[in-house]
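>>> Coordinates for the following, if possible.
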Amino acid sequence: MKISQQTLTKEQKRAISILSIGTFLEYFDLMLYVHMAVLLNGLFFSTGDNFSSKLLSAFSFSVTFIFRPAGAILIGWLGDNIGRKSTVIITSLAMAVSCVMMANLPTYDQIGVLASWAVTICRVFQGMSSMGEVIGANLYLTESISEPLVYPAVVLMVLSSMVGGTVALGVAKLSLGENLNWRWGFWIGAVVAFVGIYSRTCLRETIDFVDAKRQINTYSKDFNIPKKQFLNKPWYKEKINKKLLVAYYLLEQSNPVAFYFTYMYCSYNILQKLHYSTGDIIQHNLIVSLIKLMICCGILFCSIYVKPLKFLKVRFIIFLPIIALTPFWLDSITNQFELLIFQSVFCIFEFGTITADPIFYKSFPVLKRFTTTTLTFSISRAIIYVISSFGLIFLTDTLGNYGLWILLVPVAIGYGWGLWQFIKVEVARDKEVQQKILELAKT
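Numbering: from 1, shown residues only. Coordinates of the predicted model:
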């Protein structure tokens, strides 16, 4: 257990800055296509009727996440074997290459269905590379900074990702509203990526990873056992707590539900019914994104003073009645301002793991941590984004806004159970620490 840390070192501050650039880039590039889907789908795919267009939009959104588990296996192996630093450099390079490809892709009118395949492949690579960035940056900070400063440090990564998404929305608005060339957005992303790659070469490997590798080398040398044989020994392999793994999955699946509902379902479904234009929808999402940035700044402040799991517990309890009222509230909305009020309230208390990620990561063995967290993270996104993007099309066409309960209620139940598992572990740990303090006081 690391000693409580009250101030950041110069090296830690530099690491936060460098990783923030990469996180900004990943979400800028990842969300740029999502927010420009109305324009880019028409350029790279053959569109048909309205229902087919909805399915096409759902496909272009979810394809990025469907192939993430495959990327998580590869990136997780790299992170647990060659190190956290090298992995975030490799994933940044992959994103930079995909940006350059996107910026130069010919359209459907130029090469036909090949354009559809090419843009899909680029989106797949973006999704796979983002795995190493999202988890890699958070893991790096988790293993480099002690409590309690690690919590606001990780929230800063979330804030950086939101800034990336907000800037992507701004570029989308300019591209659609001011008739700017959409390719410039991806060129900007590529430039930022290469800058991030260079700056990350200055990072040092995390203490936890270095210590774990040092132990392997020491035992291998002392007992004259080859490293490969040593790693296969049952007495060495630390087991993963399966209950906490399921709990972590259930917590992670809540994030994509909240994101898809806020940006995709509310904006494109509600505002289209109110006959708002594509430009109006993007401008509305830009305002929502700015509001989420302010909310994240408030969460950053709370993370300094409030215990992470307690913070998530309070948010969850308040969020339950909001879920119950959501269909009625959406049915009563008659204009953009009313929708904005609803989305703001939803975003303040929505599902999420923000502030508590370091606690979840630390629950898994060091040399299995990268693979476990990236794979769980990616599977949760792949499953839930497919269910959200495709399932809600059919549920809401049949049941209207009440179809949202079929998705939100089970996710809420899973989230509550998962959060309770980690709370129990933390309570048990606190009792153990207090017991040791009492024993020391007696001696």
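>>> got a list of what Phe346 touches?
Shown in contact with Phe346 (CB atoms under 8 Å, 6 or more residues apart in numbering): Ala258, Phe261, Thr262, Ile322, Thr326. (Glycine included, C-beta is placed from N, CA and C.)
>>> 6 Å instead?
By CB atoms under 6 Å, 6 or more residues apart in numbering, the contact set of Phe346 is empty.
>>> Let's test this: mean pLDDT of the one helix or strand it maps to, rounded?
Under the criterion of DSSP states H and E, Phe346 resides in helix 336-349. For helix 336-349, mean pLDDT is 90.
>>> Now the following helix or strand past it: average pLDDT?
Using DSSP H and E, the helix or strand that follows helix 336-349 towards the C-terminus is helix 357-361. Mean pLDDT, helix 357-361: 93.
>>> How about residues contacting helix 357-361?
Contact with helix 357-361 is made by Asn138, Leu139, Thr142, Val150, Val154, Tyr248, Pro308, Thr373, as judged by CB under 6 Å, 6+ apart.
>>> Mark which of those are buried, thanks.
Listed as buried from those are Asn138, Leu139, Thr142, Val150, Val154, Tyr248, Pro308, Thr373; burial here means 16 or more other CB atoms under 10 Å.
>>> and which of those residues is nearest Leu395?
Nearest to Leu395 among the buried ones among the contacts of helix 357-361, counting by CB to CB, is Tyr248 at 26.8 Å.
>>> residues touching that closest one, list them.
Contacts of Tyr248 (CB under 6 Å, 6+ apart): Phe360, Thr376.
>>> Recalculate using a threshold of 10 Å.
Neighbour list for Tyr248: 241, 353, 357, 360-361, 363-364, 372-373, 376-377, 380, 418, 421-422 [criterion: CB atoms under 10 Å, 6 or more residues apart in numbering].
>>> how close does it sit to Phe364?
8 Å (CB to CB, to the nearest Å).
>>> mind showing which ranges of the stretch 151-300 of the chain have poor pLDDT?
Counting by pLDDT under 70, the stretch 151-300 of the chain shows low-confidence ranges at 176-180, 215-238, 268-269, 271-272, 278.
>>> residue nearest the centroid of this structure?
By CA atoms, centre = their mean, the chain has its centre lying nearest to Val134, at 5.9 Å.
>>> anything in contact with each of Tyr248 and Phe364?
Joint contacts of Tyr248 and Phe364 (CB under 10 Å, 6+ apart) are Asn241, Thr372, Thr373, Thr376.
>>> Out of those, name the ones that lie in helices.
Among these, DSSP state H puts Thr372, Thr373, Thr376 in helices.
>>> how much space is there between the first one and Ser378?
Meaning Thr372. Distance check for Thr372 against Ser378: by CB to CB, it reads 11 Å.
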